[in-house]
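*Asks:* Quick check, what structure comes out for this input:
(chains A and B)
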Number of protein chains: 2
Amino acid sequence: MDLELLCKNACTAKMVLGRLSTGEKNSVLIKVADALVANADDIIAANAIDVENGKANDMPQGLIDRLMLTKARIEDMALGLRQVADLPDPIGEVTDMSKRPNGMIVGKRRVPMGVIGIIYEARPNVTSDAFGLCFKTGNAVILKGGSDAINSNKKIVEVIRNTVANAGVTADAVQLIESTDRETTTKFMKMNRYVDLLIPRGSAGLIKATVENATIPVIETGTGNCHVYVDETADIDMAVNILINAKTQRIGVCNACESLVVHENILEKFLPVAVAALKEKNVEIRADEAARKICPGLKEATEEDFYTEYLDYIISVKTVKSIDEAIEHINGHNTKHSESIVTKDYDNANKFLDEIDAACVYVNASTRFTDGFEFGFGAEIGISTQKLHARGPMGLKELTTSKYIIYGSGQIR
Amino acid sequence: MDLELLCKNACTAKMVLGRLSTGEKNSVLIKVADALVANADDIIAANAIDVENGKANDMPQGLIDRLMLTKARIEDMALGLRQVADLPDPIGEVTDMSKRPNGMIVGKRRVPMGVIGIIYEARPNVTSDAFGLCFKTGNAVILKGGSDAINSNKKIVEVIRNTVANAGVTADAVQLIESTDRETTTKFMKMNRYVDLLIPRGSAGLIKATVENATIPVIETGTGNCHVYVDETADIDMAVNILINAKTQRIGVCNACESLVVHENILEKFLPVAVAALKEKNVEIRADEAARKICPGLKEATEEDFYTEYLDYIISVKTVKSIDEAIEHINGHNTKHSESIVTKDYDNANKFLDEIDAACVYVNASTRFTDGFEFGFGAEIGISTQKLHARGPMGLKELTTSKYIIYGSGQIR
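*Replies:* Sure, this is the predicted structure:
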């Protein structure tokens, strides 16, 4: 496979995609949704090879579950594409248009990014999701999926490409990098001459490797060492509800709570209730000294624990003397994803919103709401934990850029 | 100098700066403007050492001119800070606020980026400009100036730091990396743990090295291989005016025209007039075969010429058979900065606006207008030629990011 040729093909395709009308794009998305369902048996057969290989290689059960495709899951992938077809098309919107003193009319037009690269792990549903969001926004997409899902991804991409081509649009709207070696991935990350944006989706290790190696502009996604801070004035029931929801409603996701921070003045009343509720959900608790005085028998937390995104039934507990110490602790250990304060105090609520450095800062709500659908975007390509271009849940708009358009009548400087 | 400590200091400073009110920030900016003027003699004395060293090292006269500071230039630097103080403060604005079905109120608040790094060459005025724009937006800034201007920069930064500290704000609002070796610069580019955004300002080589080495998110600025395309229906006088303005009004800037593209149907009427006007301004013309048939004696253009940002009294000339060929030629050779069509044809004007891939696309106006002041932003930190976060002229708003703030009342998922 010639990686550079593949990138050049994407550049040719982006010109075609950028010219499609919203109606044309939606029609193709619906055809692709139909084709995925119609080809479900073939996709499941290809996926079965990956699942077999995974089992032979002792892939953990959790990963096997994410890798495995069923008729129902393929229908969900198709449903996702239909929903994207239903969303408003952000492309073409013009904002900030004004007439300059010299008579020139300057406006900012929303346009496709161009070519988007997505590097992800063994989740074949990302293959159709990423295609859908990129296609709707007029972008060509180059996918680099995990080697564990290569057979599934090849078949899904084949179905999409055939359908897009049959609809009279270029098949190169989506391309899959089939080589699964690390060298190809690293080479791909340096294709900034052709690729406008690179989104890594997956483990902290994948994201770190992308940031370190890429010359393509990257949007970091996902890692979430999220905190719930229980202020001294918190409502105990609300605090326990939010904590249990944030920690246990779904443990393997980036907006799950990994650490509980508690004001010392509420520790004695709150902690025993919280510990009982966490234990009922089989959560292992790793606590600092002050917390272990109140609830003896808890495991001791190390400094390392406070930096850890467990993605598991484990939580760390930190006691603080003040909201300032809470904010300093959180800003010093978090991954800038989602943080929540539970409080009845007006000033502390505002202070937390002001001073916490994170994509999403909550008062009296669970961190689990950090999600494109929950925020009303209708779709999500990931959650940005960096500050450039997009922060927090990324929907269609975040896959676009702008260009200034200037209508003149002979103006010179 | 401990580079990591310096970065940590910036992180401490950003917390202080993020809390300043608009009034406090404006008051400091005006004090710094006063202090620069009051210390003009010291700054000029430090600058004289750099100028002497530059002359001893055979620095080209153009660079000496940009390096040299005078009373008038220091007053301009001060004026720049006063103008930034007068601009509206973008920080704190909340947009897209809505109530979700579950009662949570979600809004997007504009917040400082945090720590911004700026790498630039021997232009000491950038030192105070960059401080002013970053300070107004609540960001701590780390400056890495060119070694040729090190004495000037040290003195300017000393004056700023003293003034900011005396105003009761942390001196670390601005820090200068005093080591001028390449290793330090490369090490700085990898400080993504502390620095949120890196803006290289200078030559194509500096920008390329930054993109290749940085792990900090980068905004590429500046290089401009800009075209003027004269369509077959162009008004000849307008086309010549725009061409001469775009090419010669100021040759060393990124929005200057470097290449003329002409439709073959207008070549015979337009080119001799254009060539005469260019020659009058002492512009060397490097033309393709079709153009040299019309104007014999022009130098031959190589393929290399069409990729070159001359920043000099040189222009390349390319003849095309259609607007499609013009667009393909421009998209294939440009640096995505600024492109202009001169035409009377409605459809061709729209086609050019639609299909040219650049930060700023003009109809019937000079590319020289790509500039934060000309677009009405009141200030400019550079012109982005990439697609992430900011595209085209960057003002105060482009030095900010957002965070989602969520007001809940106990919501869980």
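*Asks:* ok, the spatially closest residue to A:Phe377 that is not a sequence neighbour - how many residues close by?
*Replies:* In space, and not counting its chain neighbours, A:Phe377 is closest to A:Gly395: 3.2 Å by Cβ to Cβ, 6 or more residues apart in numbering or on different chains. Using the backbone N, CA and C atoms, a C-beta is placed for each residue, glycine as well. Neighbour count for A:Gly395, taken as other Cβ atoms under 10 Å in any protein chain shown: 21.
*Asks:* Return the backbone torsion pair for A:Gly395.
*Replies:* The phi and psi values for A:Gly395, taken as degrees, to the nearest 10, are phi -100, psi -150.
*Asks:* Quick check, pLDDT for it.
*Replies:* In the predicted model, A:Gly395 carries a pLDDT score of 94.
*Asks:* what's the distance between A:Asp58 and chain B?
*Replies:* Distance from A:Asp58 to chain B, counting by Cβ to the nearest Cβ, to the nearest Å: 33 Å.
*Asks:* Would it be right to say that that residue lies in a helix?
*Replies:* No - assessed with DSSP: H, G, I helix; E, B strand; the rest coil, A:Asp58 is coil; it does not lie in a helix.
*Asks:* thinking again about what came up before, can you tell me how far the residue nearest to A:Phe377 sits from A:Val28?
*Replies:* Computed with Cβ to Cβ, to the nearest Å, the distance linking A:Gly395 and A:Val28 is 20 Å.
*Asks:* Could you give the number of residues near A:Lys55?
*Replies:* 11.
*Asks:* measure the residue lying closest to it once chain neighbours are set aside to A:Gly54 for me?
*Replies:* Ranked by Cβ to Cβ, 6+ apart and with sequence neighbours excluded, the top spatial neighbour of A:Lys55 is A:Ile64, at 6.7 Å. When distance is defined by Cβ to Cβ, A:Ile64 is 5 Å away from A:Gly54.
*Asks:* ok, now A:Ala78?
*Replies:* Applying Cβ to Cβ, the value for A:Ala78 to A:Gly54 is 24 Å.
*Asks:* Output the helix or strand harbouring A:Lys155 as PDB, nothing but the C-alphas.
*Replies:* Using DSSP states H and E, A:Lys155 falls within helix A:150-166. Written as PDB, here are the backbone C-alpha positions of helix A:150-166 (Å, rounded to 0.1, in the frame of the first residue of the first chain):
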ATOM      1  CA  ILE A 150      -8.900  -5.400  10.600                       C
ATOM      2  CA  ASN A 151     -11.200  -7.900   9.000                       C
ATOM      3  CA  SER A 152     -14.300  -6.200  10.300                       C
ATOM      4  CA  ASN A 153     -13.100  -2.800   9.200                       C
ATOM      5  CA  LYS A 154     -12.100  -4.000   5.700                       C
ATOM      6  CA  LYS A 155     -15.600  -5.400   5.100                       C
ATOM      7  CA  ILE A 156     -17.400  -2.300   6.500                       C
ATOM      8  CA  VAL A 157     -15.300   0.100   4.500                       C
ATOM      9  CA  GLU A 158     -15.800  -2.100   1.400                       C
ATOM     10  CA  VAL A 159     -19.600  -1.800   1.800                       C
ATOM     11  CA  ILE A 160     -19.400   1.900   2.400                       C
ATOM     12  CA  ARG A 161     -17.000   2.600  -0.600                       C
ATOM     13  CA  ASN A 162     -19.200   0.500  -3.000                       C
ATOM     14  CA  THR A 163     -22.300   2.300  -1.900                       C
ATOM     15  CA  VAL A 164     -20.800   5.800  -2.200                       C
ATOM     16  CA  ALA A 165     -19.300   5.000  -5.600                       C
ATOM     17  CA  ASN A 166     -22.600   3.600  -6.900                       C
END
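*Asks:* re the thing from before, my read: the residue nearest to A:Phe377 touches A:Gly372, true?
*Replies:* Yes - checked against Cβ atoms under 8 Å, the pair A:Gly395 and A:Gly372 is within contact range at 5.0 Å.
*Asks:* Overlap of the contact sets of the two?
*Replies:* Residues within reach of A:Gly395 and of A:Gly372 at once, by Cβ atoms under 8 Å, 6 or more residues apart in numbering or on different chains, are A:Gly378, A:Ala379, A:Glu380, A:Ile381.
*Asks:* Thought A:Lys397 was touching the third one, still the case?
*Replies:* This points to A:Glu380. No - the pair formed by A:Glu380 and A:Lys397 falls short of the contact definition of Cβ under 8 Å, at 11.4 Å.
*Asks:* of these two, who's got more company?
*Replies:* In this comparison of A:Glu380 against A:Lys397, neighbours counted by other Cβ under 10 Å, the higher total goes to A:Glu380 at 18 against 15.
*Asks:* Identify the residue nearest the more buried one in space, chain neighbours excluded?
*Replies:* With Cβ to Cβ, 6+ apart as the criterion, A:Glu380 has its nearest non-adjacent residue at 2.8 Å, and that residue is A:Gly372.
*Asks:* How about the residue in the stretch 251-400 of chain A that chain B sits nearest to: what's its closest non-neighbour residue?
*Replies:* Sorted by distance to chain B under Cβ to the nearest Cβ, the residues of the stretch 251-400 of chain A start with A:Ala365, at 2.7 Å. Excluding the flanking residues, the one nearest A:Ala365 by Cβ to Cβ, 6+ apart is B:Gly408, at 2.7 Å.
*Asks:* Next, count neighbours for that neighbour.
*Replies:* Here the number of neighbours of B:Gly408 (other Cβ under 10 Å) works out to 23.
*Asks:* Spit out the contact partners of it.
*Replies:* B:Gly408 makes contact with A:Tyr362, A:Val363, A:Asn364, A:Ala365, A:Ser366, B:Gly103, B:Met104, B:Ile105, according to Cβ under 8 Å, 6+ apart.
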